[in-house]
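I need the structure of the sequence given here:
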Amino acid sequence: MEEWFVCPECGSDDVEVIKERGRELTLRCNECGNVWIVTLPKLIKVPLIVSKHERSFKTFAELPEGEEIKIGDVVETEEDEVRITGIELEGEKRVEKAKIGEIQTLWGESLTYPKVIKVSIYLPKGLTQAFKVKVPRNEEFVVGEVLEVGGYTFKVEKIKTERKMLYHGKAKADEIVALMGHQIPRARARRSLEIYRGYAKESK
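Residues are numbered from 1 along each chain as shown. Purely as a prediction, here's the structure:
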């Protein structure tokens, strides 16, 4: 974890470490010459279970003792960025937030792995065709746009996000759970979506 320091006197971030003793650092500001000491928090290894859709991996995050973490926060591991989706204390108690040091296990989803979204296409005679597609997390979807997946062209009528159902407007893939809409057989699609075929095929 890289630390950034700002001089308490002049606010410059042109700061160098001139002495290190364990977690105690002596710093000097190259702008105004101010010298001061900081003590870094003790880092604790917290078990972290990272999901990449249907697969989960055990790893850990090194986090500063006593700091609060809440669901939705992003933590970094050695090889990934992970958004926290669950916090477990002793006795399998699930909470929305907790201090590092009290936490038994963190759960999260990998932010470097594509987002998988459900697509439901309403066909004639009350039938529905369902797909799972994978998309970059920062890609946007708009209610009203025409998309193609698996040979079906459809118009997005509803976007289900983690918090609500959208009937107009747009959302980033990172927040989207599902896209829904009716098939439009001869329409021209703005773009095609890639069908998700399962973790094993993705990681080859």
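
can I see the domain layout of this structure?
For the chain, automatic domain parsing gives the domain ranges 1-40, 43-110, 115-190.

as a markdown table, those with mean pLDDT would be great.
Below are the domains of the chain laid out as a markdown table (pLDDT from 0 to 100):
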| stretch | mean pLDDT |
| --- | --- |
| domain 1-40 | 88 |
| domain 43-110 | 92 |
| domain 115-190 | 95 |
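
and the ones you listed as a markdown table, adding mean neighbour count?
Every C-beta, even on glycine, is put in place using the N, C-alpha and C of the backbone. Converted to a markdown table, the domains of the chain look like this (neighbours: other C-beta atoms under 10 Å):
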| stretch | mean neighbour count |
| --- | --- |
| domain 1-40 | 12 |
| domain 43-110 | 15 |
| domain 115-190 | 15 |
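
quick one: which of the ones you listed is nearest residue 196?
For those, the distance to residue 196 is smallest for domain 115-190, at 4.2 Å, taking C-beta to C-beta.

make sure residue 63 is actually in contact with residue 43.
Yes - using C-beta atoms under 8 Å, residue 63 is in contact with residue 43, at 6.6 Å.

quick one: end-to-end length of stretch 144-157, please.
Terminal residues of stretch 144-157 lie 6 Å apart, using C-alpha to C-alpha, to the nearest Å.

what's next to it, contact-wise?
119, 121-122, 129, 131, 133, 141-143, 167-168, 179-193, 195 (C-beta atoms under 8 Å, 6 or more residues apart in numbering).

now it, how far from the centre of its chain.
Distance, stretch centre to chain centre, for stretch 144-157: 26 Å (C-alpha atoms, centre = their mean, to the nearest Å).

cool, and stretch 99-118?
Distance, centroid of stretch 99-118 to centroid of chain: 7 Å (C-alpha atoms, centre = their mean).

and what of stretch 61-74?
Using C-alpha atoms, centre = their mean, the offset of stretch 61-74 from its chain centre is 14 Å.
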